[in-house]
Structures are given as C-alpha cells and as structure tokens.
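1. I need the structure of the sequence given here:
(2 chains)
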Amino acid sequence: MNCTSFREAVHEIDRDGLLDAAAYDSAVAHAQTCTRCARLLYQVRRLDASLKSVSRADERRETPYRVQAELLRAFRAQRPLRMDSGRTRRWLSAAAAFLILAGGALLVWRHIRPSSPATKAAQASAVGRPVPAATAANSPAAGEVVQPESVSPAAARSPASGPQARVTARRMPQTVKPAASDLEDLANFIPLPYADDDSPVGAAELVRVRLPESALGLLGFPVRYESADQAITADIVIGEDGVARAIRFVSGPVPSELAELRTSIPEDQ
Amino acid sequence: MGLERQTSDGDLLRGMIAGDEQAFTELYRRWQGPLYRFALQMTGNAGLAEEIVQEVFMTLMRTARNYDAARGPVRGFLYGICRNHVMRSVATESPYLGLSDPEDGHGFAELATSSNLLADLAAAQTVRQVRRAILSLPATYREAVVLCDLHELTYEDAAGVLKCPVGTVRSRLHRARDLLLGKLRNLAVQSTGVAAAAPHGSEGLR
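-> Residues are numbered from 1 along each chain as shown, chains lettered A, B, ... in the order given. Predicted coordinates for the structure are as follows:
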C-alpha cells in the first residue's frame, strides 16, 4: 500500500467490516514504515475519539416535555377524526350495500310479479274480481284471468294493441294534461262504483279477465237477468294499492246501463 | 398493556396508525432523543431542533401510512423525515452557512506539522470546538458526519436516509472528515498562538 491508497482508506481502518483483513494489515504495515501516514492515522484516531466525546456529551440531550405534551394534544385531536371517518365509511358502505340489495330485490319482485297468478288472485279476491281459472275453474260464477298486463290507465291501449305486450306503468302527475289517444282510451273505461277516485292510481296494472255477466254484480254494477250467464271479456285496471279502479269491456254484450256509466273526461283536464 | 422495549418500531407505528395513543407515546419516547440530537447537531440551535422534532412527529401522524417496511426500518423513515425538515431549516435559517468553506484548511502535509492538536480534543473545550467545526461543514458533508460518526449509522442506513448511493455516503464522509481535520488544525494553531501570547501561559491546544 502506498501513501495515496493509505489516505483513501485511513478513515475506514477502524470501522468494523469496511476493510477486509488483508487491506487492514497492509494499511497498518504501511503506517509502520511511513512517518507521515503514521501521524495521519494517529490524528484520525484522535478525531474518532473526539467525535465519540461529542456523541457522549450529547447523548442525554432530549426535547423538553412540552413538545411531547403538544404532540399528544395534536394526536388526540386527530384521532377522533380518523375514527369518525372510518365509522362514516363503514356506514356508507352498509348503506350502499343495502341500497344495492333493495334495488335488486325490487327488480326481481317487479320481474316475477306480473306472472304470479297467486298474486293476482289475492288482489282480485280483495276487490271482488273474478278469481283465476286455475283456482276456480269449476265455479259457474267464476271468471277466468286471460292475460295480465301492467299499464297505467292513461297508457292503456285497445285490445288490438296487445294484451301480449307488457307496458311499464307510467306515473302521471295530476296536473299533466293527457294526450288525445289517452283520453280516448280512458273514455272506454268505466270507473268502479266503490273505487276511491281521490287516491292516485300510481303504477297500475291492467288485467284481462273473462267472467259471467252475473259477476258484475260483485263489482257493483246492475245485472240483467236474461244475460246473467253470458261470458264477458273485460280489462280491469288495478291501482298500485291493489284496489280495482275501472273496467273496460272487450267482448260480449255490454249492458246498456253500463254504457251510460262510461267515463267522460272533460277537454280541459 | 405495557409496551416494552421489545415491541418493534413497526408494531408501534401500526398501533399509532390505528389510533393507539400509547403506541404513539412509546414511539415518540424511543426516537425523540436521537432525532433531537440529529437536528441539534445539524443546526446548532436548540429551539429550532425542538421545532423540527415536533414537525417530524406531526408529519408522521399524517404520513405514517406511507411507510413501507420493504424500504428499510422505521428508524430510517424517521431520520428521513427529520433530515428533510433539517435541510429545509438549514437552507433558510442556519447562522452557520456563512462559516462553511469546503476548501478551508485542506492539506495533510500542513496537518502533520501540528501533531499535538488532537491530543487535547478530549477536553470539554475541545468538544465545543469539534461541534463548531461540524457545524461549519457544508450541510451535505455535515449530515454524513453526524449520521455515520455521531449516530453510528452504517453506510447503507445513511444512504437510505440521505436517499443516495452508498458510495456517495462514503465519499462525502471521507471529504467531511478531511475537512474536519483541517478546521481543527486551524483552530489549534490559533489557540496555540493565543497561548503563546499570554503573559502567564495557559492551557491552550498543543
């Protein structure tokens, strides 16, 4: 080792693991033969000792307690916010999950509801409608549910427009003026005598039924004795509350008394 | 539940993130001293060092989640935060910047002429001189000496704190120690001159 390489290594001679054994031995051997490098090594070792003295002199220096107190206050002030934000996130997650589940359940319910005869039967029986054929086919007074349909009264179309078509019910604000075609369709419906006209129909359903004319008596209409056994096909509007609101006769003899009861909607509505 | 020393810094940090005040307190007590000394040795100002330590732990409250154990120990993370605050303060407030001169007193041949200089460094007055010499170093050399010599960090750990290669730490440390030797030689020469001029002699640096 020469003086130049010794000076490059002198600060690492006493640092553990920085010089391998061969380099260390070579540096020490050079210092034993070179007075200048020996003096440099001595000075460096004194520098190390003095730096350790500085380190020892400072080792008890610490921050005053007030710094810790201030930091603890800051930590306590932050902690509730952090916990609250976590709690809020959990609540929001739960609410979002609930909304998703509720939305999914609503979609499923809306999908299966029109095809459920049991539901229709329950609603029909609640308002005196004819029960489905599947449950009362042998009853002479029983009607037959031909095809359920989900429509709003204003959107109800003629029979030709398709009982096959499933129309999404449309909520009509009371102040909206119906279209002319809607008025014409509405004119074909006869409000049922006991229906509450003041309550909103909402998302109504249109159910096509086939029933004897005698069953009209259950709906509050007059029944003609001579044609009481004749079958009638009719569309019944069922409100969102499950109450039948109006009836439209599709086929069969319409009693003249009933024709007089047809709704006439003024032009200014 | 007591948090003994064997609780790792990583566990304390995780507890602190979870809102555990005891973990935060233990982490503070464990590291406020070294960080305060680092800031003090870098700035030479006790008040500023206190502010820096406070800022370090305030920063820790905000950024503890950024700690990545794969990048190194918590100690390096804390020193890194502290170093950032120190360097910011040094750049704006250090009264010692005007004293630093990297080329001052460099030369081993001249150093050899005052071989008695280091014999007196153990004295308390000499400790103050060494501290002052450290403070007069440029900040990049100063932090290398403070971290590797005063705080005994390995080159690797210091490189993690300084965010530079190990070789850079090594070369900076060598340069810093050479500068320290030169500055201390000058101080010894000045003290020797004053001692020689004193009428009754004195215990000056020899």
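
2. rest of the way, CA atoms for contacts and neighbours
-> Noted.

3. show me what residue of chain B gets nearest to chain A.
-> residue B:33 (4.7 Å; Cα to the nearest Cα).

4. sec struct for the residue nearest to that residue when sequence neighbours are not counted, please.
-> Of all residues not flanking residue B:33 in the chain, residue A:62 sits nearest, at 4.7 Å (Cα to Cα, 6 or more residues apart in numbering or on different chains). Three-state assignment for residue A:62 (DSSP: H, G, I helix; E, B strand; the rest coil): coil.

5. contact partners for residue A:62?
-> Residues near residue A:62 by Cα atoms under 8 Å, 6 or more residues apart in numbering or on different chains: B:32, B:33, B:34, B:36, B:37.

6. one more time with 10 Å
-> By Cα atoms under 10 Å, 6 or more residues apart in numbering or on different chains, residue A:62 lies in contact with B:29, B:31, B:32, B:33, B:34, B:35, B:36, B:37, B:40, B:46, B:49, B:50.

7. which secondary element of chain A has the worst mean pLDDT?
-> The least trusted helix or strand in chain A, going by mean pLDDT, DSSP states H and E, turns out to be helix A:133-136, with a mean of 40.

8. how about chain B?
-> Using mean pLDDT, DSSP H and E, helix B:108-111 stands out as the lowest-scoring helix or strand of chain B, at a mean of 30.

9. what's the pLDDT at the residue nearest the centre of chain B?
-> In chain B, the centroid-proximal residue (Cα atoms, centre = their mean) is residue B:146; its distance is 2.9 Å. If you check residue B:146, the pLDDT there is 95.

10. what comes up buried for stretch A:65-84?
-> Buried residues in stretch A:65-84, counted by 16 or more other Cα atoms under 10 Å in any protein chain shown: A:68, A:71, A:72, A:75, A:79.

11. reformat those residues as a markdown table; add distance to chain B.
-> A markdown table is the format used below for the buried residues of stretch A:65-84 (distance: Cα to the nearest Cα, whole Å):
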| residue | distance to chain B |
| --- | --- |
| A:68 | 8 |
| A:71 | 7 |
| A:72 | 8 |
| A:75 | 7 |
| A:79 | 6 |
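
12. how is chain B carved up into domains?
-> B:9-95, B:98-197 (automatic domain parsing).

13. which stretch in these is the model least sure about?
-> Among the domains of chain B, domain B:98-197 scores lowest, with a mean of 75.

14. any idea how far residue B:28 is from the residue in chain A positioned nearest to chain B?
-> Proximity of chain A to chain B (Cα to the nearest Cα) peaks at residue A:62, 4.7 Å away. Using Cα to Cα, to the nearest Å, residue A:62 is found at 11 Å from residue B:28.

15. what touches both of those two?
-> With Cα under 10 Å, 6+ apart as the test, residue A:62 and residue B:28 both reach residue B:35.
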